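Trainee: Below: sequence and its predicted model.
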Amino acid sequence: MTQHARGGGCACKVPPGELEALLAGIDLPGHPDLLVGADTGDDAAVVRIDADRAVISTTDFFTPVVDDPYDWGRIAAANALSDVWAMGGEPVLAVNLVGWPREVLPMDLLADVLRGGADIAREAGCAVAGGHTVDSAEPFYGMAVTGFAHPDRLLRKDAAEPGLPLTLTKPLGIGVLNTRHMRTGEVFPHAVAAMTTLNRPAARAAVAGGAKAATDVTGFGLLGHLRSMLRASGVGARLDARAVPLLDGAREAVREGFVSGGTRRNLDWVRPHLDLADDLTEDDLLLLADAQTSGGLLVVGEVPGGVVIGETVAGGPRIRVTSDKAARPTLYPSVT
């Protein structure tokens, strides 16, 4: 599957700097009940229906990130549903978005992709009702998802306050392991397990704990998504690099050069906004900028089961990254 795509997963996103420049010249229409629009770069749009209900709308799709079509469907669906949980909502309805090179890839592979997406939606308690397909040069798959939330209990990028812990709910390293898979054919079941783990429990725990600000960590990497949230909220952060959890094999993959162009562009974009400890290496920064696919939530506040990796601080939206070479980040072991 991956040989038919130039890039894989969320690493094939348009670079954040280019995207910002593009959207800056477009005047998007608004609405009096639009609670979250495009101005904060949030994970989904939100429209108020009444005092107790708001509708969340989002879409996400990408080219193959693994060669198994069923797993690709599961990963893409989990990633699309995550945008609703990242806003503090619950997904209720999804429609499939498919691009398929029908003269190159057999349709039974597409059926496996759709079965994977359906199984993840079923696990999430979200209905799937049809969708849209096109005959395309590269395969892509994802979902447009609709969900509900209470308008006063949203998780937003612009609601971070200083003096609170930063919690990450999944380890980093998905991007470099996926890049290694695409170039060598090696299979990493623990990376697939991470990508197909739903963010629903973490989102529910964050909302129940009173969190106001969160985002999911996907194609722009931890540093990129953190920078976006800090800028929208007008606060800064201290990030403890030694506390950031990593998937087993991630450091080795970076050291051996399995880094996507998307990850390097992420780091180039955010580097001017970093204050770095002297002992941080370029490999450390590439892991923090690693383009994740279906990554975890980054929550301002503590979340049970997550890892506290830093804190928000007063001041401008800069990120101070600290390090201690004597302590290694937590390694999430391989799944056998």
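Mentor: Nice, thanks for sending it over. Fair warning: this is a prediction, and the values are worked out from it, not measured in the lab. Numbering: from 1, shown residues only.
Trainee: How is the chain partitioned into domains?
Mentor: The chain breaks down by automatic domain parsing into domains covering 2-149, 157-332.
Trainee: Helices of the chain, residue ranges please.
Mentor: Using DSSP state H, the helices of the chain run over 16-24, 69-86, 107-124, 174-184, 189-195, 200-208, 221-233, 250-255, 261-270, 282-288.
Trainee: Just give the closest residue to T63, not the sequence neighbours.
Mentor: Of all residues not flanking T63 in the chain, A5 sits nearest, at 3.5 Å (CB to CB, 6 or more residues apart in numbering). C-betas here are computed from N, CA, C, even on glycine.
Trainee: Same check on P304?
Mentor: Once flanking residues are discounted, P304 sits nearest to A205: 5.4 Å by CB to CB, 6+ apart.
Trainee: List the buried residues in stretch 264-284.
Mentor: Applying a neighbour-count criterion of 16 or more other CB atoms under 10 Å, one finds R265, N266, L267, W269, V270, H273, L274, L280, D284 buried in stretch 264-284.
Trainee: Contact partners for the residue lying closest to G88 once chain neighbours are set aside?
Mentor: Computed as CB to CB, 6+ apart, the closest residue to G88 that is not its neighbour in sequence is L155, at 3.8 Å. The contact partners of L155, taken as CB atoms under 8 Å, 6 or more residues apart in numbering, are A86, M87, G88, A203, A206, V207, A211, K212, A213, A214, V299.
Trainee: Out of the residues you listed, flag the one nearest to V47.
Mentor: M87 (11.7 Å; CB to CB).
Trainee: so what pLDDT did the residue lying closest to E138 once chain neighbours are set aside get?
Mentor: Nearest residue to E138 in three dimensions, chain neighbours excluded: A5, at 5.0 Å (CB to CB, 6+ apart). Among the per-residue scores, A5 holds a pLDDT of 72.
Trainee: And A5, how close does it get to P165?
Mentor: Shown here: A5 relative to P165, a distance of 38 Å by CB to CB, to the nearest Å.
Trainee: What of V84?
Mentor: From V84 to P165 the distance is 24 Å (CB to CB).
Trainee: Count the neighbours of P162 for me.
Mentor: 15 (other CB atoms under 10 Å).
Trainee: which residues touch it?
Mentor: V235, G236, T312, V313, A314, G315.
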